[in-house]
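In: Based on what follows, work out the 3D shape:
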Amino acid sequence: MTWDETPGTAVVTGASSGIGAEYARRLAGRGWDLVLVARRAERLAALADRLRGEAGAAVETVEADLARSADLARVAERVAAPDVALLVNNAGINGYGPFPEVDAALLTKVVDVNVVAPTVLTRAAVPGMLARGRGAVVNVASLLAFAGSLPPGPLPQRAVYGGTKGYVVTFTRTLAAELAGTPVRLQVVCPGLTATEFHLGTGERPVPGEQRVHEDGGMPVADVVTASLAALATGEVVCVPGLEDAEAVARLAAAELGLRDGAGDSLAPRYRATAEAAAEAETDG
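Out: Numbering: from 1, shown residues only. This next block holds a predicted model:
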């Protein structure tokens with residue numbers, strides 16, 4: 001049985017707005033039952049009521065802050081339940097700002113939400129999915145995962161956020177290779193700027209009020225989720241919703257393989273030459 005042959009229960013984190021809410025709407029329309037996880041209970045309740053009425057979906061809501069270990073443990077327990085066939089790790093916060101100035105506690109929270117939570121929840125989900133012979137995990141990253149050397153302006157100041165999304169990309173790709181040949185699918189979706197409320201705060205606290213869209217604009221959330229679900233159906237591990245060149249990911253893999261040539265036991269000549277020149281200068285001095 002494939003992961004989507006018969007809809008089961010999908011767990012969506014960060015479901016109270018933006019990309020997460022769109023996954024919830026789309027999956028409900030396809031007959032999935034839902035477990036919606038987020039910090040904003042009122043928004044979750046409103047979305048759940050709407051999906052029950054519009055799609056007839058069975059919807060559970062879980063108010064949780066995934067930066068808190070007790071909340072994460074509760075969600076992990078639900079993710080490990082036998083009805084769960086799809087996990088969407090969408091929750092994320094940005095912690096944008098100059099690295100020397102951003103509050104250290106906020107940066108810790110960025111790592112907890114963006115790295116620890118998807119790792120723990122994926123670990124909770126995968127063993128049962130393997131045992132049942134079906135399942136999929138979608139991890140939402142960002143194109144900023146590939147923007148490490150680019151300076152801020154117009155990109156945000158993002159050292160920790162970019163690092164966490166780089167982890168999500170590598171984690172997903174590596175786990176997908178580990179699970180190749182099994183019935184469990186892995187995907188990392190890497191949107192660029194998306195029309196959500198993500199840039200209206202750093203993530204220290206939830207964005208208050210009704211759902212809004214930041215003034216920066218970006219790709220509609222419906223297009224991001226359309227790309228993700230289409231890529232999941234075809235087994236595409238790295239999904240970049242706006243990328244027309246489908247071979248770009250293959251070229252990235254080839255470049256990485258080139259870097260792996262440095263795994264030998266011989267020092268690269270340029271480093272040896274520099275060291276020898278420094279030693280010679282010390283001797284002359």
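In: which residue ends up closest to the midpoint of this protein in space?
Out: When C-alpha atoms, centre = their mean is applied to the chain, the residue found nearest the centroid is residue 140 (2.6 Å).
In: Do a quick rundown of the helices in this protein.
Out: Secondary structure of the chain, counting by DSSP state H: helices at 18-29, 41-55, 69-79, 104-111, 117-132, 159-178, 221-234, 248-259, 269-284.
In: is it true that the residue nearest to the centre of the chain touches residue 19?
Out: Yes. Between residue 140 and residue 19 there is a contact at 6.2 Å, judged by C-beta atoms under 8 Å. Every residue, glycine included, has its C-beta placed from N, CA and C.
In: Give me the common contacts of these two.
Out: Common contact partners of residue 140 and residue 19 (C-beta atoms under 8 Å, 6 or more residues apart in numbering): 90, 191.
In: any idea how far residue 68 lies from residue 240?
Out: 32 Å (C-beta to C-beta, to the nearest Å).
In: now residue 101
Out: From residue 101 over to residue 240 (counting by C-beta to C-beta), the distance is 31 Å.
In: Neighbour count: the two, which is higher?
Out: Applying other C-beta atoms under 10 Å to residue 101 and residue 240 shows that residue 240 carries more neighbours, namely 21 against 7.
In: what's the nearest residue to the more buried one if we skip its chain neighbours?
Out: Nearest residue to residue 240 in three dimensions, chain neighbours excluded: residue 190, at 5.0 Å (C-beta to C-beta, 6 or more residues apart in numbering).
In: what's the answer for residue 233, then?
Out: Among residues not flanking residue 233 along the chain, residue 4 sits closest, at 7.2 Å (C-beta to C-beta, 6+ apart).
In: just the helices of the chain: most buried one?
Out: helix 18-29 (a mean of 23; mean count of other C-beta atoms under 10 Å).
In: Run through who's touching that helix.
Out: 7, 10, 12-15, 34, 36, 38, 47, 51, 54-55, 57, 59, 86, 88, 90-91, 138, 140, 191, 194, 196-198, 211, 221-222, 224-226, 228-229.
In: Next, the angle from that helix to helix 41-55.
Out: In terms of direction (axes from the mean of the first three to the mean of the last three C-alpha atoms, to 10 degrees), helix 18-29 departs from helix 41-55 by 30 degrees.
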